[in-house]
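In: Predicted model, plus sequence, below.
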Amino acid sequence: MKTACLVTFGCQMNVHDSQRMEELLRADGFELVPEPEGADVIVLNTCSVREKAEQKLRSEVGRLKRLDALVIVTGCVAQQEGERLLDRMPYIDAVIGPDNLHELPGVVRELEGGAPSMVRATFDTEAPRFLVNEATPGGVASSAYVTTMKGCDERCSFCIVPYTRGPERYRSADDIVSEVARLVAAGAREVVLLGQTVNSYRDPAVPMPEGSDPDDSQFASLLRRIVGEAKGLLRLRYTSPHPRHLTPDLLRAHAELETLAEHVHLPVQSGSDRVLKRMIRRYTRDEYVRRADALRSARKGLVLSTDIIVGFPGETAEDFDATLSLVREVGFVGLFGFKYSPRPYTPALKLRDDVPEQEKQQRLEALFELSEAQLRAHLATLVGTRARVLVEGPSKVGAATWAGRTERNEIVHFEAAPGVGPGAFATVEVTRANKHSLEGRVESVAVPAAEKPRSAIRRVALPLVEA
Ligand code: SF4
């Protein structure tokens, strides 16, 4: 049997795309293997959001050129560089952009038949296609990604995504709801809705009311339909929302829908109005804080995490202090922090990258120190409480057997109990708080374990959550 290896860089969107490519290759007779050595086809699904992710791609491709395999580069770097990638790295056999991933099996067959190296990187703006989970009964993970839209219309000044993923295009709510229902019927317990600015979602089949505000969306209606129609769905998450589209209707959905998780990842990027303006984020610090407060008032116990960029061009020590004070004020319990790096095509290239590297590093360390302290303090408050946990897989901590996530996305480790395994939904009493996770004791199991296949996807980078 022919073998293929998929290596995934970057965000949840790329993980989702890799899972769908894995299904396409399986349907075409490939066995998926976890390591590139010995594989007939190697697919590198790339990310260009940070310079570091691109460097990782270059070193990975350099390492692979000695292997006797077809090397195919997909994803954001493929879209960004196209033909230039083949010029720079002639041992790459094909370059496929995010909107052309469905062509992967055909491209492999052409290459196997002796075709020269090729580029497929055209946006499908006229007739958008979305890769859909196969949802084979018993063959889905307990937590599944479902895409709602692709592309982004925001144009934040530091971000390359609008150039690599194109303008916003949406799936119909009918298609999304039916995919979620099929996944649940096939064994998924939790669904994570994906979109670059997921809460700007608009159903292409249902016009927005006349005179709607540009920030309005139909995302809350989509959430209500999913919860109403996908019977058996135990938990619903979404990532990543843009603060601009945190509408009153979405707040009401959080108040009404028990199935919605008690955690929202709400990227803020900076706590300084001056920097937010230069980033073209289209909200002020005060607007962000008010929306975050409204979200927490809508759902008791809800926690927030965020993304922050340090060392953006022109960021002064005072601007950075404003970011630290925002992190304290909002009380984030999780945070992805990044040092600014200039990206091709982005408006921020016109600004001078004037914060010295050492200063960026110090700011990043200060940010992490604060966020770790807040996470520790938050976890300590949970000892003695009970949480509903979706079991994800084996634990790597101490004597614990299993690990899972609470409604608020905290990781909990616990010992084996009858009915507990991947996919089980259990009530756990929290007995101890560690630095980044909790430990607990299973009290009861509401839904027993499901069969979960092993994925052959190899992940290279940590999640980079945009919006
Ligand atoms: S940071 Fe998010 S919202 Fe802004 S342009 Fe990039 S993907 Fe769009």
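Out: That came through, no problem. Numbering: from 1, shown residues only.
In: And the pLDDT for the closest residue to the ligand within the stretch 251-400 of the chain?
Out: Here the residue of the stretch 251-400 of the chain nearest the ligand is residue 267; by CB to the nearest ligand atom that distance is 6.8 Å. In this view, the C-beta of every residue, glycine as well, is placed from N, C-alpha and C. Residue 267 is assigned 98 on the pLDDT scale.
In: isn't it right up against residue 307?
Out: Yes: Residue 267 lies in contact with residue 307 (CB atoms under 8 Å); the separation is 4.0 Å.
In: Of those two, which one has the most company?
Out: residue 267 (22 against 19; other CB atoms under 10 Å).
In: Was I right to think residue 125 contacts residue 168?
Out: No: assessed by CB under 8 Å, residue 125 is found out of contact with residue 168, at 10.1 Å.
In: For these two, indicate the residue with more neighbours.
Out: Each of residue 125 and residue 168 has its neighbours counted (other CB under 10 Å); residue 168 has more, 19 against 11.
In: Residue 152 is in contact with that one, correct?
Out: Yes: counting by CB under 8 Å, residue 152 is a contact partner of residue 168 at 6.2 Å.
In: Can you work out which residues contact both of the two?
Out: 196, 197 (CB atoms under 8 Å, 6 or more residues apart in numbering).
In: Surely residue 386 touches residue 444?
Out: No: using CB under 8 Å, residue 386 is not in contact with residue 444; the gap is 9.6 Å.
In: Of those two, which one has the most company?
Out: Under the criterion of other CB under 10 Å, the comparison of residue 386 against residue 444 puts residue 386 first, with 14 against 11.
In: give me the number of residues near residue 108?
Out: Neighbour tally, residue 108, other CB under 10 Å: 23.
In: so where's the stretch 151-300 of the chain uncertain?
Out: Filtered on pLDDT under 70, the stretch 151-300 of the chain yields no residues whatsoever.
In: Run through the residues of it sitting next to the ligand.
Out: 152, 154, 155, 156, 159, 161, 162, 196, 197, 242 (CB under 6 Å from any ligand atom).
In: Let me see the contact set for the fifth one.
Out: With CB under 8 Å, 6+ apart as the criterion, the residues that contact residue 159 are 49, 152, 343, 346, 466.
In: just so I have it, where are all the helices in the stretch 101-250 of the chain?
Out: 104-112, 161-165, 173-185, 219-229, 248-256 (DSSP state H, counting those that start in this stretch).
In: Of the contacts of residue 159, just the buried ones, PyMOL syntax please.
Out: Command for PyMOL, covering only those of these found buried under the criterion 16 or more other CB atoms under 10 Å:
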select buried, resi 49+152+343+346+466
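In: Report the two of the contacts of residue 159 separated the most.
Out: 152 and 343 (13.6 Å; CB to CB).
In: SS state for the residue nearest to residue 265 when sequence neighbours are not counted?
Out: Leaving out its chain neighbours, the residue that sits closest to residue 265 by CB to CB, 6 or more residues apart in numbering is residue 305, at 4.8 Å. In three-state terms, and counting by DSSP: H, G, I helix; E, B strand; the rest coil, residue 305 is strand.
In: Next: the one 4 residues further on.
Out: Following three-state DSSP, residue 309 is assigned to strand.
In: Compute the distance between it and residue 186, please.
Out: Separation of residue 309 from residue 186 (CB to CB, to the nearest Å): 39 Å.
In: between those two, which one's more packed in?
Out: residue 309 (27 against 17).
In: where does that one land on pLDDT?
Out: Per-residue pLDDT puts residue 309 at 98.
In: Who are the contact partners of it?
Out: Residue 309 neighbours (CB under 8 Å, 6+ apart): 158, 269, 270, 279, 337, 338, 339, 340.
In: go again using 6 Å as the cut-off
Out: 269, 338, 340 (CB atoms under 6 Å, 6 or more residues apart in numbering).
In: hang on, the earlier thing: just to check, the residue nearest to residue 265 is in contact with residue 266?
Out: No: between residue 305 and residue 266 there is no contact under CB atoms under 6 Å: 7.6 Å.
In: Identify the residue nearest residue 256 in space, chain neighbours excluded?
Out: With sequence-adjacent residues excluded and distances taken as CB to CB, 6+ apart, residue 256 is closest to residue 224, at 7.7 Å.
In: Got the phi and psi for the residue of the chain most remote from its centre?
Out: Note on the chain: the largest C-alpha distance from the chain mean falls to residue 114, namely 36.4 Å (CA atoms, centre = their mean). With angles defined as degrees, to the nearest 10, residue 114 sits at phi 100, psi 10.
In: What of residue 449?
Out: phi -60, psi 150.
In: Please tell me how far it sits from the ligand.
Out: The spacing between residue 449 and the ligand, counted by CB to the nearest ligand atom, to the nearest Å, is 36 Å.
In: Which of the helices or strands spans the residue nearest to that residue when sequence neighbours are not counted?
Out: Of all residues not flanking residue 449 in the chain, residue 421 sits nearest, at 3.0 Å (CB to CB, 6+ apart). Using DSSP states H and E, residue 421 is not contained in any helix or strand.
In: Relative to residue 261, how far out is residue 392?
Out: From residue 392 to residue 261 the distance is 14 Å (CB to CB).
In: thinking again about what came up before, quick one: the residue of the stretch 251-400 of the chain closest to the ligand and residue 184, what's the gap?
Out: 28 Å.
In: same thing with residue 65?
Out: Using CB to CB, residue 65 is found at 43 Å from residue 184.
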